[in-house]
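Engineer: Everything below, folded, please.
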Amino acid sequence: MSVLVNFAMFPTDAGISASKPVSRVIEMIKNSGVDYQLGSMGTTIETATMEEALDIINQAHLLLQKQHDRIYTTITIDARKGELGRISSKIQSIENKIGKVNL
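Structural biologist: A predicted model of the protein is given here:
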C-alpha cells in the first residue's frame, strides 16, 4: 500500500515566522526514514500503512505541543493499494506530459 499524506502543521503562537518550529517537525520526519517532500505550503510524506502515516502526524503534533499552546493542522490523504514510490512518480508523470497536452 502507498499512503500519501500532504499536511501543514504550525503553531499559531510562534510569531510572524513559524520556520523554527516547522524545521523541528521536518527534522523529525527526516529522521523517521519515511520518504518526504517539503513544499512551500506543506509537506508530503509516503508510508506503507495508514497507521504509520498517522503516527508521523501525531509525533509532529506532540513535538510542537511541548512548546506551543495552539497548533493548526491541515491534512490530505491519498491511500492506494500498490507499490510505494508515488511521491515522486506522480510528479514525474505530470512533468512528462507538460508541453505534450492539447489544450
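
Engineer: what about V22, how many neighbours?
Structural biologist: Using other CB atoms under 10 Å, V22 is surrounded by 19 other residues. Every residue, glycine included, has its C-beta placed from N, CA and C.

Engineer: likewise A53?
Structural biologist: As a burial measure, A53 scores 21 neighbours (other CB under 10 Å).

Engineer: now swap in V5 and tell me
Structural biologist: By other CB under 10 Å, the residues close to V5 number 24.

Engineer: do L4 as well
Structural biologist: Neighbour tally, L4, other CB under 10 Å: 20.

Engineer: Now do the helix or strand harbouring it, average pLDDT.
Structural biologist: Secondary structure from DSSP states H and E places L4 in strand 2-11. On average, the pLDDT along strand 2-11 is 98.

Engineer: S88: what's it in contact with?
Structural biologist: 35, 37 (CB atoms under 8 Å, 6 or more residues apart in numbering).

Engineer: what do you get if the cut-off is 6 Å, keeping everything else the same?
Structural biologist: Not one residue lies near S88 by CB atoms under 6 Å, 6 or more residues apart in numbering.

Engineer: Mind checking what secondary structure I75 has?
Structural biologist: strand (DSSP: H, G, I helix; E, B strand; the rest coil).

Engineer: excluding its backbone neighbours, what's nearest it?
Structural biologist: F7 (4.5 Å; CB to CB, 6 or more residues apart in numbering).

Engineer: how close does the one you found sit to L54?
Structural biologist: 11 Å (CB to CB, to the nearest Å).

Engineer: Comparing those two, which shows the higher neighbour count?
Structural biologist: Under the criterion of other CB under 10 Å, the comparison of F7 against L54 puts F7 first, with 18 against 15.

Engineer: I'd assumed T76 was in contact with the more buried one.
Structural biologist: No - shown here, F7 and T76 do not form a contact pair, counting by CB atoms under 6 Å, at 7.2 Å.

Engineer: Between those two, which contacts overlap?
Structural biologist: Residues touching both F7 and T76 (CB under 6 Å, 6+ apart): none.

Engineer: Okay, buried residues for the helix or strand harbouring E52 please.
Structural biologist: Applying DSSP H and E as the criterion places E52 in helix 50-65. Neighbour-count burial for helix 50-65, counted by 16 or more other CB atoms under 10 Å, picks out 52-53, 56-57, 60, 63-64.
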